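> everything below, folded, please.
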Amino acid sequence: MKVNWLMILPLLLAVFFFGVTATQLLTTQDNQSRGVDTNALPSTRQGSPAPPLDLQPLADFEGLAREDLEGNGLIILNFWASWCPPCRAEHPTLTALAEAGNPLFGINYRDQPTQALSFLSDLGNPYDRIAADPEARNGREWGVVAMPETFFINDAGVVVLHFRGPIVRRSLENQVIPALADAGYALQLPASPGE
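Numbers count the residues shown, from 1 in each chain. As a prediction, this is how the structure comes out:
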């Protein structure tokens, strides 16, 4: 019996397609198990000077201006909202980073002041400075697309890392710390439980 290669070609293409798909699936699952966000959007702000801030005060808290983002070491600037469940999930990690000595500034995003204050009253206020962006003007300028989003800004006011999503212990260890190390920066780390 004579073998026609055109008859085998569809089988070879199917095996190749399923092999590539299986490899990508296994790689994605491995990355997700290590806490790596495989769907992260690239940031237009990373590596660029931090944009201006035109914020409103949040109650009696000390406000925040663009000038505050320079000369204070590596600053963590967190966009958050009381209506955002992932913001609640990341709050303990942000609190631990602030308690370890990292400057932490907050921008309350598209929120009602009373609800924002209730959120801080319930969970505590880890922010050194805090302001409000009720109409999302600053968020649009900074490239914010979903809550929470966190920017790491160096002494010169340049965004060295833009992290989308909640910073929980796993994402801090597997994504944030390595990305900052690759850029030549380090955070003051909180003590691990039991230390």
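> burial count for residue 155?
In terms of burial, residue 155 registers 12 neighbours under the definition other Cβ atoms under 10 Å. Where C-beta positions appear, they are placed from N, C-alpha and C, glycine not excepted.
> do residue 129 as well
By the other Cβ under 10 Å criterion, the neighbourhood of residue 129 contains 21 residues.
> then the one 3 residues further on?
With neighbours defined by other Cβ under 10 Å, the count for residue 132 comes to 23.
> quick check: bridge partners of it?
Assessed by DSSP bridges, residue 132 has beta-bridge partners residue 56, residue 108.
> could you measure from residue 13 over to residue 106?
Remark: distance between residue 13 and residue 106 (Cβ to Cβ, to the nearest Å) = 53 Å.
> higher neighbour count, these two?
The neighbour count for residue 13 versus residue 106, taken as other Cβ under 10 Å, is higher for residue 106 (28 against 10).
> which SS state does the residue nearest the centre of the chain fall under?
Among the residues of the chain, the smallest C-alpha distance to the mean C-alpha position (Cα atoms, centre = their mean) belongs to residue 163, namely 2.5 Å. Under DSSP: H, G, I helix; E, B strand; the rest coil, residue 163 falls in the strand class.
> end to end on stretch 177-190, go ahead and measure it.
Across stretch 177-190, the terminal residues are separated by 12 Å (Cα to Cα, to the nearest Å).
> quick check: the nearest residue to residue 146 once chain neighbours are set aside vs residue 51, distance?
Spatially, and ignoring its direct neighbours in sequence, residue 146 is nearest to residue 164 (6.5 Å; Cβ to Cβ, 6 or more residues apart in numbering). Taken as Cβ to Cβ, the spacing of residue 164 relative to residue 51 amounts to 17 Å.
> what count of nearby residues applies to the residue nearest to residue 146?
Considering only other Cβ under 10 Å, residue 164 is surrounded by 18 other residues.
> and it, what are its bridge partners?
Those that pair with residue 164 in a beta bridge, by DSSP bridges, are residue 149.
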